[in-house]
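Peer 1: Whatever this is, show me its structure:
(one chain, ligands or ions: 1)
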Amino acid sequence: MSFTVAIDGPAAAGKGTISKGVAAHFGFAHLDTGLLYRAVGRRTLDGTDPIEAAHALTPDELERGDLRTAKIAQAASKVAVISEVRAALVDFQRSFARREGGAVLDGRDIGTVICPEAEVKLFVTASAEVRAERRYLELNAKGTDVTREQVLADVRERDARDAERSAAPMKPAADAVLLDTSDLSIEAALAHAIVLIENKRPATH
Ligand code: C5P
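Peer 2: Prediction:
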């Protein structure tokens, strides 16, 4: 059987942790679709054309450990406004979503564009200040030299670019359940997501 969970929302809202937790709980495969845009963005830093980079992308490039930097995040959100880049990445995401045994995909446009038929859609959000503080603590723990102000400015810049672009802008699907994690721990949000998914699963499970 295929069963798709679409988890969208802005950076550092808790999507990644919730997606991994859901995948582990139900035994679903997980795709962090931000990595696709990050891998394309990384290639453009070497001067490669973004559309060519998107067509040439291979799954093993997603495994590279160096994609989660602020510089690559900004490059990712710049290539993500290009509709030809987005189009080149659609088939891979859709076939992942429909694989046997269930799949969780997290990103910005999973419930709206990639998998409008997903059985469960969540839009995970939190205020920009709360998200920036979480990201700042994460970066700080890794020893990255940044200030809270820089991280907040970065979060706001990416939010604006992701929400205002014309190609697949970040927005909740009409039938998505909103999960605001501003005043909710990520563990509580995960527990909530698990209950929602449990209720949508076929009765045989
Ligand atoms: O989720 P993450 O922060 O890794 O995503 C990096 C960037 O990739 C986002 O800021 C966004 O511009 C883009 N993205 C997207 N659509 C997705 C996933 C990510 O446009 N489904």
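
Peer 1: hey, let's count contacts and neighbours off CA atoms from now on
Peer 2: OK.

Peer 1: Spatially nearest residue to the most centrally placed residue in the chain, not counting backbone neighbours?
Peer 2: With distances taken as C-alpha atoms, centre = their mean, the chain has residue 107 as the residue nearest its mean C-alpha position (2.5 Å). Nearest residue to residue 107, sequence neighbours excluded (C-alpha to C-alpha, 6 or more residues apart in numbering): residue 8, at 4.8 Å.

Peer 1: about what we covered before: who's in contact with the residue nearest to the centre of the chain?
Peer 2: The contact partners of residue 107, by C-alpha atoms under 8 Å, 6 or more residues apart in numbering, come to 7, 8, 9, 32, 33, 34.

Peer 1: out of those residues, who has the most neighbours?
Peer 2: residue 8 (30 neighbours; other C-alpha atoms under 10 Å).

Peer 1: can I assume that one is in contact with residue 111?
Peer 2: Yes. The pair residue 8 / residue 111 is scored as a contact, 7.0 Å apart, by C-alpha atoms under 8 Å.

Peer 1: Find residues that contact each of those two.
Peer 2: Residues touching both residue 8 and residue 111 (C-alpha under 8 Å, 6+ apart) are 121, 122, 172.

Peer 1: what's the spacing between the second one and residue 116?
Peer 2: This means residue 122. Residue 122 sits 12 Å away from residue 116, going by C-alpha to C-alpha, to the nearest Å.

Peer 1: neighbour-wise, which of these two wins?
Peer 2: It is residue 122, of residue 122 and residue 116, that has more neighbours when counted by other C-alpha under 10 Å, with 24 against 17.

Peer 1: Do I have it right that the more buried one meets residue 176?
Peer 2: Yes. Counting by C-alpha under 8 Å, residue 122 touches residue 176, with 5.1 Å between them.

Peer 1: and for the two, which residues touch both?
Peer 2: Residues within reach of residue 122 and of residue 176 at once, by C-alpha under 8 Å, 6+ apart, are residue 111.

Peer 1: sec struct for residue 166, please.
Peer 2: The three-state label given to residue 166 by DSSP: H, G, I helix; E, B strand; the rest coil is coil.

Peer 1: next one: phi and psi at the closest residue to it other than its chain neighbours?
Peer 2: Using C-alpha to C-alpha, 6+ apart and skipping residues adjacent in sequence, the residue nearest residue 166 is residue 81, 7.4 Å away. Taking degrees, to the nearest 10, you get phi -80, psi -10 for the backbone angles of residue 81.

Peer 1: next one: residue 94
Peer 2: When read as degrees, to the nearest 10, the backbone of residue 94 gives phi -70, psi -40.

Peer 1: okay, now it: neighbour count?
Peer 2: Around residue 94 there are 16 residues (other C-alpha under 10 Å).

Peer 1: Not counting sequence-adjacent ones, nearest residue to it?
Peer 2: Excluding its sequence neighbours, the residue lying closest to residue 94 (C-alpha to C-alpha, 6+ apart) is residue 114, at 6.3 Å.

Peer 1: Could you pull out the strands in the chain for me?
Peer 2: Using DSSP state E, the strands of the chain run over residues 4-8, 29-32, 103-107, 120-125, 177-180.
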